[in-house]
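S.K.: Okay, sequence plus prediction incoming.
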Amino acid sequence: MLEQELKNIWKNSSKTSQISIETDALVQEFGTQMNRIQKQIKNRDRREISASVIGILIFSFLAYEIPFPITKASCFLSILWFVYVIYKFRKSNHQNIPEKLSVPLTEQLARKKQLLEQQVKLLNSAAYWYAGSSFVTNFIFIYGLKNPVDYNWTNQLAESMLPLTTQTKVFTLVGLCFFYVFIAWVNKRAVKKELQPLLKNISVIQEQLKHIP
């Protein structure tokens, strides 16, 4: 009886040791991947915030310079959209903070999981709040462009850059449509290829930790 108990203890301890080794390796690999993802998120947030600040300056100038009422109104809508984008990515940046080494592993994993779930939600909804909203404001901007002569407005730089003819308007809108569809696709792909595998790894690690005394 004693011999069998010792065998069971040895068998269980061997399994526990193997799980511990596998978990350590998985945690190290996960940590490397997570650090890379968090760095990418931080760079993306900073890039989007900087681009939005520049966008606010550009559309503020256009709202002042362009005389067409509908286009002028769309400039103010674009400014509001840029402010919202800054808010979204500042919030994302504040959530993306490195964990202290003194924090228990289980708590670190829970926080990482929460961060990834927030990023999944952000990227999956980007087709609506980012791409869709921006396309609408751009559509209104282009739709509102009129003949400068009718408004006694002359600005050679603006006239050379703005799509003022029907043909250039259609061409620009089609190009923007493909561009924003591409953005939505890239975000969905990032969720599938980058974030969801990390979430799966967290679940595996959390499950293995339950079997380690």
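M.R.: Good, I have the coordinates.
S.K.: which residues of this protein fall in helices?
M.R.: With helices called from DSSP state H, the chain shows them at 2-65, 69-95, 105-124, 126, 133-143, 156-161, 166-190, 196-209.
S.K.: Neighbours of Asn35, how many?
M.R.: 11 (other CB atoms under 10 Å). (Glycine included, C-beta is placed from N, CA and C.)
S.K.: what about it, distance to Leu198?
M.R.: Distance check for Asn35 against Leu198: by CB to CB, to the nearest Å, it reads 11 Å.
S.K.: residues shared between the contacts of these two?
M.R.: When contacts are counted by CB atoms under 8 Å, 6 or more residues apart in numbering, the set common to Asn35 and Leu198 is empty.
S.K.: Show the low-confidence segments of this protein, by residue range.
M.R.: 1-27, 98-103, 157, 209-213 (pLDDT under 70).
S.K.: Let's see that with 50 instead.
M.R.: For the chain, the stretches with pLDDT under 50 are 1-19, 21.
S.K.: Nearest residue to the middle of it?
M.R.: Leu123 (4.8 Å; CA atoms, centre = their mean).
S.K.: was I right about that residue contacting Asn187?
M.R.: Yes. Leu123 lies in contact with Asn187 (CB atoms under 8 Å); the separation is 4.1 Å.
S.K.: most neighbours per residue, which of the helices of the chain?
M.R.: Burial of the helices of the chain is given as mean neighbour count (mean count of other CB atoms under 10 Å); helix 126 ranks first at a mean of 21.
S.K.: How far off centre is that one?
M.R.: Relative to its parent chain, helix 126 has a centroid offset of 7 Å by CA atoms, centre = their mean, to the nearest Å.
S.K.: so what secondary structure elements neighbour that helix?
M.R.: In terms of contacts (3 or more CB pairs under 8 Å, 6 or more residues apart in numbering; DSSP states H and E), helix 126 is packed against helix 166-190.
S.K.: Compare the helices of the chain and report which one is nearest to Val149.
M.R.: Closest of these to Val149 is helix 156-161, at 10.3 Å (criterion: CB to CB).
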